[in-house]
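> attaching a predicted model along with its sequence, questions to come.
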Amino acid sequence: MAPIKERKADHIDICLEERVEPGYCYWDDVRLIHDALPELDAEEIDTSAEVLGRRLDFPFIVTAITGGFPGAKRINENIAAACSDLRVGMGVGSERAGVAGVEPDSYSVVKDYDVPLVIGNIGAPQLVAQRSKDRFAPDDVGRAMDLIGADVMAVHLNFLQEVVQPEGDTNARGCLDAIRGLAREHPIIVKETGAGISKGVAQRLKGTGILGMDIAGMGGTSFSAVEMYRAMAGGDTIRTNMGGSFFDWGIPAPASLLAARNGLPIIASGGVLDGIHVASSIAMGACCAGAAHAVLREATESAEAVKEKLTLIREELRAAMLLTGSADMKQLSGARYVVLGETRQWVEGLL
């Protein structure tokens, strides 16, 4: 079994060097209806949004990327600095390592910056007993929040990754009750990690007391692919083949967003690449969009590189708002759109 530091470093290297995303961009199937006469001044468009009780300058979160190995500190610091300057949200990778004392400063560096919305991260598999592993105690959740000064904790549903990962935690029994219990004690959202949330799961989660969901649909980083490359490097042919078989498993992000609408705030992530995708997600019912891989390479370079990428996304969002006649997020949430291609087929099958 690979040490946790090594595993987390592997994840970053693989995401930077290998193809880990499906070869189809589902968000490009969503087309906003053009308004040729918007009667707006682009400079006066209000891109701000309230997300999980925090005001963001535009509805975007750099979602969970990393933590728990030496190189993660620089990545998280660059993201935190950019998110603080541009007043958008930030999540961190699974905090299991940090709470256990593995490179805690790779997480706590976020507290050095005034990020308006900080989202912590724990895994649903760690909330229940796993074979030969201790569960994540309730006090550990509080420590995870304190480690980064989190406003909200995300419980990530990463069973696709776990079932392919050689050292994966594959007992899912009891997770729903554990989420319900955790939500009584802490501000919680639930986050998928690249395979999407279905209508049925969204309905089961609605009454648990969670504050919202990040659907994290298929179309972005496939953690089945990530684990496939790790298994390949380790000579594990069974896990390598499993990773390939489940490479594009899941519900495409735009389809998941439509299916999961249950009255709770939804963060739309999974293959979001630009400001048009952000605008599309708001029109489809999200309160906010998120991305990780879209800024990963920049995060390994500098805070300025991350800031430049996020500024581009913001200005693309502003342009899309002008071209749909949307002066603010309320109007953008009512913008008309059509769904084409494979995503349309998914939507017709899900709804």
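Okay, I see it.
> what's the average pLDDT for stretch 344-351?
Per-residue pLDDT over stretch 344-351 has a mean of 93.
> now the strands for the stretch 201-350 of the chain?
Using DSSP state E, counting those that start in this stretch, the strands of the stretch 201-350 of the chain run over 212-214, 266-268, 288-291, 337-339.
> in a markdown table: the ones you listed, plus distance to residue 113, mean pLDDT and mean neighbour count.
In this view, the C-beta of every residue, glycine as well, is placed from N, C-alpha and C. A markdown table is the format used below for the strands of the stretch 201-350 of the chain (distance: least, C-beta to C-beta, whole Å; pLDDT from 0 to 100; neighbours: other C-beta atoms under 10 Å):
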| stretch | distance to residue 113 | mean pLDDT | mean neighbour count |
| --- | --- | --- | --- |
| strand 212-214 | 21 | 98 | 26 |
| strand 266-268 | 21 | 98 | 28 |
| strand 288-291 | 18 | 98 | 28 |
| strand 337-339 | 35 | 98 | 15 |
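> what are the phi and psi angles of the closest residue to residue 72 other than its chain neighbours?
Closest residue to residue 72 apart from its sequence neighbours, by C-beta to C-beta, 6 or more residues apart in numbering: residue 106 at 3.9 Å. When read as degrees, to the nearest 10, the backbone of residue 106 gives phi -70, psi -20.
> how about the one 3 residues further on?
According to degrees, to the nearest 10, the main-chain angles of residue 109 amount to phi -60, psi -20.
> from here on, count from 19
Understood, numbering begins at 19; the last thing we discussed is residue 127.
> contacts only, for the nearest residue to it once chain neighbours are set aside.
The spatial neighbour of residue 127 that comes closest, neighbours along the chain excluded (C-beta to C-beta, 6+ apart), is residue 95 at 4.8 Å. By C-beta atoms under 8 Å, 6 or more residues apart in numbering, the contact list for residue 95 reads 127-128, 130-131, 321.
> before we move on, what SS does residue 95 have?
helix (DSSP: H, G, I helix; E, B strand; the rest coil).
> only the buried residues of stretch 272-281, if you could.
Within stretch 272-281, the residues scored as buried using 16 or more other C-beta atoms under 10 Å are 272-280.
> one more: stretch 66-77?
So, applying 16+ other C-beta under 10 Å, buried residues of stretch 66-77: 67, 69-70, 72, 74-77.
> contacts for that stretch, please.
Stretch 66-77 is contacted from outside by 65, 79, 104-107, 134-135, 169-170, 205, 207, 229-230, 283, 285, 296, 300, 304-307, 331-332, 335, 346-347, using C-beta under 8 Å, 6+ apart.
> end-to-end on stretch 105-116?
25 Å (C-alpha to C-alpha, to the nearest Å).
> ugh, typo on my part, it should be stretch 263-279
29 Å.
> please identify the helix or strand for residue 111.
For residue 111, there is no host helix or strand (DSSP states H and E).
> tell me the pLDDT of the residue nearest to residue 127.
For residue 95, pLDDT reads 98.
> list the beta-bridge partners for residue 208.
On the basis of DSSP bridges, residue 208 is bridged to residue 173, residue 231.
> how deep is it tucked in, by neighbour count?
27 (other C-beta atoms under 10 Å).
> and residue 352, by the same measure?
10.
> before we move on, back to that, need the buried ones from the contacts of stretch 66-77 selected in PyMOL.
Buried members of those, defined by 16+ other C-beta under 10 Å, are picked up in PyMOL with:
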select buried, resi 65+79+104+105+106+107+134+135+169+170+205+207+229+230+283+285+296+300+304+305+306+307+331+332+335+347
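> closest to residue 266 out of the buried residues of stretch 66-77?
residue 77 (27.4 Å; C-beta to C-beta).
> what residue ranges in the protein score low on pLDDT?
Scanning the chain with the threshold set as pLDDT under 70 gives 19-21, 150-152.
> name the helices or strands packed onto the longest helix seen in it?
Identified as the longest helix of the chain according to DSSP state H is helix 321-340. Applying 3 or more C-beta pairs under 8 Å, 6 or more residues apart in numbering; DSSP states H and E, one finds that helix 321-340 contacts strand 78-80, helix 88-104, helix 293-301, helix 311-317.
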